[in-house]
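1. after the sequence you'll find the predicted model.
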Amino acid sequence: MVTKIAKKKTVKAKPEKLDVKPTQLLEVDRIFALQKANRWKIANTTAKERIEKLQKFKEKIEKYEDEIRDALHKDFRKSPHEVDLTEIMPVISEIKDAVHHLKSWMRPLRVGTPLSLFPSTSQIIYEPKGLILIISPWNYPFHLIGTPLVAAIAAGNCAIIKPSNNTKHTAAITKKIISEIFEENEIAVAESDRQTAQFLLEKPFDHIFFTGSTSVGVTIMEAAAKNLTSVTLELGGKSPVIVDETADLDDTIGKVIWGKVLNGGQTCVGVDYVMVHESKYEECIELAKSQVKKFYGETPENWHTTPDFCRIINDKNFERLEETVKTTVKGGAKLELGGEFKAEERYISPTILSNVSLDSPIMKEEIFGPILPILKYKTLDEAISIVQSKHKPLSLYIFSESKSNIEKILKNTSSGGVVINGVVAHLGNPELPFGGVNHSGIGNYHGHFGFKAFSHERAVLKISKLTLLKMLFPPYTKTTKSFINFMTKYL
């Protein structure tokens, strides 16, 4: 009998898991450490020094205007005129406003002091928040880096900028401009990939400024909460238009269609849907169709070939929009105009839909494309109830000549901003705060509001040696009680 000896299995030792980060993540660590070490130096810069930086930023933008236009055309075929209007001009306007007002913004603000603290003095000083993370979207990839960056510089912060993955050409020219003005220990542009974004969100920034979708905004806020980091969230939503029976349709429709097709409909404050009083519904549809032809030509081929109409940013968004329109039409909506989809170049023609039900797919989420649903209402209360039934939008647009109707809409709706007899234009006034509410955003900026968004309002109370507060020190006596009663009653 032969006994078989079982062979011992050789167990290979598992290699030790090394905690090695990819190069771009090591770069984030390095830049974050540099800025953390430098942030107090930048915080102590004078108004003059900050103004000089802003002026250099403006000069570089003007120097590289052609490159900025070219980058945006490569990213999603954006018209150079729209680049000037919606990307370059807003940033330069913010710079001019900040340069003009920065000295007054930086001054301590004297405030009153109650008699109970006599003879003390009180003031608010504006100190930089410190290290800022600016995460920008793809739809206005230069504007929505430049505008918050102006405010961050004005307030005396260091910043890391995370551009969108979808607009790499614009990210490249932005990085070139920033690197020619600032050292990495003050302002730096990070790699525009998803892994870098996730890693940045783990860092203990002093403030995060994010522009993008509501769903991603939730993720940003969750990440910020782990470090108790403050946030400004500029989100979006379904920004409605209400057109009442008193509106001048000839004036209204041109503005509405422009607000819809601007940037291919990919605008956070763009027109999402229109509600028209039944007495003007048919006329509104016909004027809307005529307006598209005035903008882009008489035929669908003209619309396709015009250099003034940009493309959808990526395949995912194109496919989402195509499916949404097809499902909405199958559900009973009428295709009044457009509806042409060319996947190979992500082209969607300007599209108008009527007979749209409130439960159709097109009315569920923010459209973010050149597709306009036009709805009919009988009473103003009906239109208001539709707005109330949805999340608070970033913008609300009212077209009316009736003061009472306008007042009723304002009192019974909530939105980040409102424009009466116009659309989108409120972004152009730095004296107005720009931002959303709840699902459409948290916090605001532009002009002085931007400076304050990136500053901490620090309370400073200077107490005199002669303060009456000494009367409240122990041991507590009848005199103490009398003084407390006096302050409660009279001060």
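-> Received it, and whenever you're ready, just let me know what you need. Numbering: from 1, shown residues only.
2. helix, strand or coil: sort out Leu228 for me.
-> Three-state call for Leu228 (DSSP: H, G, I helix; E, B strand; the rest coil): coil.
3. go on, the one 3 residues further on?
-> Reduced to three states with three-state DSSP, the structure at Val231 is strand.
4. distance of it from His448?
-> Computed as CB to CB, to the nearest Å, the Val231 to His448 distance reads 20 Å. C-beta: built from backbone N, CA, C; applies to glycine.
5. before we move on, what about Lys478?
-> Lys478 sits 50 Å away from His448, going by CB to CB.
6. list the contacts for Asn166?
-> Counting by CB atoms under 8 Å, 6 or more residues apart in numbering, Asn166 makes contact with Asp75, Trp138, Ile313, Asn314.
7. which among those residues end up buried?
-> Neighbour counting by 16 or more other CB atoms under 10 Å classes Asp75, Trp138, Ile313 among the contacts of Asn166 as buried.
8. re the thing from before, in helices, which of the contacts of Asn166 fall?
-> Assignment to helices by DSSP state H places the following of the contacts of Asn166 there: Asp75.
9. what's the helix or strand for Leu287?
-> Assigned by DSSP states H and E, Leu287 falls within helix 281-296.
10. which outside residues touch the following helix or strand past that helix?
-> Per DSSP H and E, helix 281-296 leads on to helix 300-305 as the next helix or strand towards the C-terminus. Applying CB under 8 Å, 6+ apart, the external contacts of helix 300-305 come out as Val292, Tyr296, Gly297, Phe309, Gly338, Glu340, Lys342, Tyr347, Ser349, Pro350.
11. out of those, list just those in strands.
-> Using DSSP state E, the subset of the contacts of helix 300-305 located in strands is Lys342, Tyr347.
12. for Pro307, which non-adjacent residue is spatially closest?
-> Excluding its sequence neighbours, the residue lying closest to Pro307 (CB to CB, 6 or more residues apart in numbering) is Ser79, at 5.9 Å.
13. do Ala459 as well
-> Ile124 (6.2 Å).
14. ok, the one you found touching Val460?
-> Yes: here Ile124 lies in contact with Val460, judged by CB atoms under 8 Å, at a distance of 7.2 Å.
15. mutual contacts of the two, please.
-> Jointly contacting Ile124 and Val460 under the rule CB under 8 Å, 6+ apart are Pro108.
16. hmm, back to that, and for the residue nearest to Pro307, the neighbour number?
-> Ser79: 19 surrounding residues under other CB atoms under 10 Å.
17. go on, Arg77?
-> 16.
18. circling back: now for the helix holding Leu287, which elements pack on it?
-> On a contact count with 3 or more CB pairs under 8 Å, 6 or more residues apart in numbering; DSSP states H and E, helix 281-296 meets helix 249-261, helix 300-305, strand 334-337, strand 351-354, strand 371-377.
19. which one of the ones you listed lies closest to Ser215?
-> Ser215 lies closest to strand 371-377 among those, at 20.0 Å (CB to CB).
20. what comes into contact with the closest one?
-> 256-257, 260, 265, 271, 273-278, 281, 284-285, 288, 321, 324-325, 328, 333, 336, 338, 348, 350-354, 356, 358, 360, 362-363, 367, 383, 386.
21. one step back: ok, of the contacts of Asn166, which one's closest to Met106?
-> Lowest distance from Met106 to those (CB to CB) belongs to Trp138, with 33.5 Å.
22. touching, that closest one and Lys162? I think so.
-> No: using CB under 8 Å, Trp138 is not in contact with Lys162; the gap is 11.9 Å.
23. where does pLDDT dip in the stretch 51-200 of the chain?
-> Along the stretch 51-200 of the chain, no part satisfies pLDDT under 70.
24. tell me which stretches of it form strands.
-> Along the stretch 51-200 of the chain, the stretches classed as strands by DSSP state E, counting those that start in this stretch are 109-111, 121-128, 131-135, 158-162, 187-189.
25. mind putting those into TSV with mean neighbour count and distance to Ile374?
-> Converted to TSV, the strands of the stretch 51-200 of the chain look like this (neighbours: other CB atoms under 10 Å; distance: least, CB to CB, whole Å):
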stretch	mean neighbour count	distance to Ile374
strand 109-111	11	48
strand 121-128	16	46
strand 131-135	26	34
strand 158-162	25	38
strand 187-189	23	42
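26. next, format these as TSV and append distance to Asn421.
-> What follows is the strands of the stretch 51-200 of the chain, written out as TSV (distance: least, CB to CB, whole Å):
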stretch	distance to Asn421
strand 109-111	36
strand 121-128	36
strand 131-135	33
strand 158-162	36
strand 187-189	40
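27. which of those sits closest to Leu102?
-> strand 121-128 (10.7 Å).
28. what's the pLDDT at Leu491?
-> Model confidence at Leu491, expressed as pLDDT, equals 71.
29. surely it is in contact with Leu115?
-> Yes: counting by CB under 8 Å, Leu491 touches Leu115, with 4.7 Å between them.
30. picking that back up, between Lys478 and His448, who's got more neighbours?
-> Taking other CB under 10 Å, Lys478 and His448 do not tie; His448 has more neighbours (19 against 7).
31. touching, the more buried one and Trp105? I think so.
-> Yes: between His448 and Trp105 there is a contact under CB under 8 Å: 5.9 Å.
32. all helices for the stretch 1-150 of the chain, in order.
-> 23-43, 47-63, 65-76, 80-83, 89-106, 143-154 (DSSP state H, counting those that start in this stretch).
33. any idea which of those helices is most buried?
-> Of those, the one with the most neighbours on average (mean count of other CB atoms under 10 Å) is helix 143-154, at a mean of 28.
34. now do it: which elements does it pack against?
-> Applying 3+ CB pairs under 8 Å, 6+ apart, one finds that helix 143-154 makes contact with helix 47-63, helix 89-106, strand 131-135, strand 158-162, strand 207-211, strand 444-445, helix 447-453.
35. got the angle between it and helix 65-76?
-> Put simply, helix 143-154 runs at 130 degrees to helix 65-76, going by axes from the mean of the first three to the mean of the last three CA atoms, to 10 degrees.
36. now the angle from helix 143-154 to strand 131-135?
-> Put simply, helix 143-154 runs at 170 degrees to strand 131-135, going by the same axes, to 10 degrees.
37. what does helix 143-154 rub up against?
-> 50, 53-54, 57, 61, 86-88, 90-91, 94-95, 98, 102, 105, 132, 134, 136-137, 159, 161, 163, 174, 187, 209, 211, 232, 234, 445-446, 450-451, 453-454.
38. same question for stretch 474-491.
-> For stretch 474-491, contacts defined as CB under 8 Å, 6+ apart pick out Pro114, Leu115, Ser116, Leu468, Met471, Leu472.
39. about what we covered before: any chance of the helices and strands packed on helix 281-296 in TSV, plus distance to Ile398, mean pLDDT and mean neighbour count?
-> TSV is the format used below for the helices and strands packed on helix 281-296 (distance: least, CB to CB, whole Å; pLDDT from 0 to 100; neighbours: other CB atoms under 10 Å):
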stretch	distance to Ile398	mean pLDDT	mean neighbour count
helix 249-261	10	97	21
helix 300-305	29	96	15
strand 334-337	23	98	16
strand 351-354	21	98	24
strand 371-377	13	98	23
